[in-house]
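A.B. asks: Here is my input, please return the structure:
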Amino acid sequence: MLLAVDIGNTKIKAAVFEGAALLERFSFSPGGALAEAEKIIVRYPGLANSIISTVGKEDSTLLLWLREHTEVTEVSHEMVFPFINKYATPHTLGIDRMVLAAGAVLRHPGQNRLVIDAGTCVTYDFTDAGDNYLGGAISPGLQLRYNAMHTFTAKLPLLYPEMPQSYIGNATAMSIHVGAVNGLLYEIQGFIDAYSKEYQPLTVILTGGDADFLAKRLKSTIFANSNFMLESLNQLYLYTITNLK
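C.D. replies: Numbering: from 1, shown residues only. Now for the predicted structure:
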């Protein structure tokens, strides 16, 4: 069994895998990471390996504990990935983006793939049918948009995502929802349309904490999978182990 751990900017997400099968998923705050990891090990005593991707602040205590109880694979730029990295500054490319691209390549071989991760930030990562990673984009995530409007204005209230029923906001709160949510939806749809014009056919994968919230309002055919990051970590681990043999 494998424990996949994704240390993000706001949350730590983890999942236990048996081969390709996801057995159970977990989500917890950084402050409670060690206690939660201990519970997982107790629940799954057969866990022998773990793989960790970090984009948030690294939890050295958690990492040390996992090293004492499992064989740890830390995802780094030096690992072997199933694509050719053509990013102009490859060592600045986020580990999370590399994992997502790897998952897309391994899950959808021989296709053009665009992975959209709607989390704290929204990232776009594209690999072509020849397994070349070409790049993408980074923009503010949904809650960041709400936070920015409140923080950098004098009177706009701090709200939380709510799906507007119209594109016309008839009061301040509704106008904020329309701007934040519909603005992000138009952005995502615009990127999908732009990639689709040049790369056909195109496989689009939407993941991240806001994936399910946004997916039903997008016009394009997409694969919405909030667990794609964890599944990609598992796939990358299996790919790495295979290539080390």
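A.B. asks: Okay, the residue located most distally from the centre of the chain and Val80: tell me how far apart.
C.D. replies: Seen from the C-alpha centroid of the chain, the residue lying at the greatest distance (C-alpha atoms, centre = their mean) is Asn170, 33.9 Å away. Separation of Asn170 from Val80 (C-beta to C-beta, to the nearest Å): 55 Å. C-betas here are computed from N, CA, C, even on glycine.
A.B. asks: Helices of the protein, start to end?
C.D. replies: 33-43, 60-69, 95-107, 142-151, 172-177, 183-198, 211-215, 228-244 (DSSP state H).
A.B. asks: which of the ones you listed is buried the deepest?
C.D. replies: Per residue and on average, the most neighbours among these fall to helix 95-107, with a mean of 24 (mean count of other C-beta atoms under 10 Å).
A.B. asks: what angle sits between that helix and helix 228-244?
C.D. replies: 70 degrees (axes from the mean of the first three to the mean of the last three C-alpha atoms, to 10 degrees).
A.B. asks: contact partners of helix 95-107?
C.D. replies: Under the contact criterion C-beta atoms under 8 Å, 6 or more residues apart in numbering, helix 95-107 has outside partners 6, 8, 53-55, 75-77, 81-83, 85, 113, 115, 117, 123, 125, 127, 131, 133, 136, 203, 205, 207, 228-229, 231-233, 235-236, 239.
A.B. asks: Can you select the buried ones from those in PyMOL?
C.D. replies: Buried subset of the contacts of helix 95-107, written as a PyMOL selection, criterion 16 or more other C-beta atoms under 10 Å:
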select buried, resi 6+8+53+54+55+75+81+82+83+85+113+115+117+123+125+127+131+133+136+203+205+207+228+229+231+232+233+235+236+239
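A.B. asks: Quick check: strands, which of the contacts of helix 95-107 are part of them?
C.D. replies: 6, 53-54, 85, 113, 115, 117, 123, 125, 127, 133, 136, 203, 205, 207 (DSSP state E).
A.B. asks: where does this protein dip in pLDDT?
C.D. replies: Applying pLDDT under 70 to the chain flags residues 56-59, 244-245.
A.B. asks: coming back round to it: in TSV: the helices of the chain, plus distance to Met163.
C.D. replies: Shown next, in TSV, are the helices of the chain (distance: least, C-beta to C-beta, whole Å):
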stretch	distance to Met163
helix 33-43	31
helix 60-69	35
helix 95-107	25
helix 142-151	11
helix 172-177	8
helix 183-198	10
helix 211-215	7
helix 228-244	22
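A.B. asks: Show me this structure divided up by domain.
C.D. replies: Domain assignment for the chain, taken from automatic domain parsing, gives 2-74, 84-233.
A.B. asks: In JSON lines, list those along with distance to Asn243.
C.D. replies: Output for the domains of the chain, formatted as JSON lines (distance: least, C-beta to C-beta, whole Å):
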{"stretch": "domain 2-74", "distance to Asn243": "12"}
{"stretch": "domain 84-233", "distance to Asn243": "12"}
